[in-house]
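Enquirer: my questions concern the predicted model and sequence given below.
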Amino acid sequence: MAIDEAIYREASEPLRRFLIMAAAYTVMALLLGVCVPFAYMMSGSGYSRSATGRVIAEEKLGGEGRRLLTIEFRGVDGELHTTREGERSDEPLHVGDTVPVLFNPDNYIARSVNLGERALRTVFIALGAILLALSALVVLLGIRQRARRRWLLRHGRVEQGLDPRVTWHSVAIATQLPPSWRLNAAWFDPSAATWRTVGSAKQASLQWEPRPDAALVHIYVDPQRPERAWLPVAHLRAPVLKG
């Protein structure tokens, strides 16, 4: 019974791992989609509110052909406020055009948001949306993998794993990280008259070391699709002895 419980818990490990990844993606999405654009536009300015402004007047400045625009917007107090600023070469505006406005609700000092800032915010929001989509995808993958493992536990055919061997994997770049290990075992598929090899998921060696017992190496095989199999290892781990 204890072995069954350990294996059943191991079936949920992919979902837990993917949930951590999803949480990281979600945090990055929030930073990209919300914090970064607003921090870029509002840092040191006190422009903590935004509104949609409308150009209500324009006048020429001297003989240079430049124009001074008057932009009207509605504040949080429900009243209409105006701000005046010179036109931008990258985005010519005329009377009746709308433009996003940032303003300080304490004194209603305001400025319009230029085209580059809006493009930057759009890019960050798009990246945030992509990260949120990836977050949802990894959660779905984790749920699917957990469901597949649990289905194999309930309906799969149990085969004896033969010639169990442990392979170790180390990270060449980050040499300080502990190596991981994977258990491989073989089983004979009579429907195809061939031997099949199944590998477990990679396991961290920080707290556990593999101690495969051939009598306990069981492979759960899909009866209809023998190439789909799972090799659990939770009950084969031995605690690392502290020397």
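Expert: Noted; the coordinates are in hand.
Enquirer: so what's Thr194 closest to, chain neighbours aside?
Expert: Once flanking residues are discounted, Thr194 sits nearest to Phe188: 7.6 Å by C-beta to C-beta, 6 or more residues apart in numbering. In this view, the C-beta of every residue, glycine as well, is placed from N, C-alpha and C.
Enquirer: wait, what's in contact with that neighbour?
Expert: By C-beta atoms under 8 Å, 6 or more residues apart in numbering, the residues touching Phe188 are Glu159, Leu162, Thr194, Trp195, Arg196.
Enquirer: and whichever strand or helix holds it, what's buried?
Expert: Taking DSSP states H and E as the criterion, Phe188 maps to strand 180-189. By neighbour count on 16 or more other C-beta atoms under 10 Å, the buried set for strand 180-189 is Ser180, Trp181, Arg182, Leu183, Asn184, Ala185, Ala186, Trp187.
Enquirer: how about those in a markdown table, adding distance to Arg54 and pLDDT?
Expert: Below are the buried residues of strand 180-189 laid out as a markdown table (distance: C-beta to C-beta, whole Å; pLDDT from 0 to 100):
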| residue | distance to Arg54 | pLDDT |
| --- | --- | --- |
| Ser180 | 60 | 79 |
| Trp181 | 65 | 81 |
| Arg182 | 64 | 85 |
| Leu183 | 68 | 87 |
| Asn184 | 69 | 90 |
| Ala185 | 71 | 91 |
| Ala186 | 74 | 93 |
| Trp187 | 73 | 92 |
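Enquirer: most widely separated two among these?
Expert: Using C-beta to C-beta, those span at most 23.3 Å, a distance reached by Ser180 and Trp187.
Enquirer: can you get me the centre-to-centre distance for the longest helix along the chain and its chain?
Expert: In the chain, assigned by DSSP state H, the helix with the most residues is helix 115-155. Chain-centre distance of helix 115-155: 6 Å, with C-alpha atoms, centre = their mean, to the nearest Å.
Enquirer: by contact count, what packs against that helix?
Expert: helix 2-11, helix 13-30, helix 36-42, strand 218-221, strand 229-230 (3 or more C-beta pairs under 8 Å, 6 or more residues apart in numbering; DSSP states H and E).
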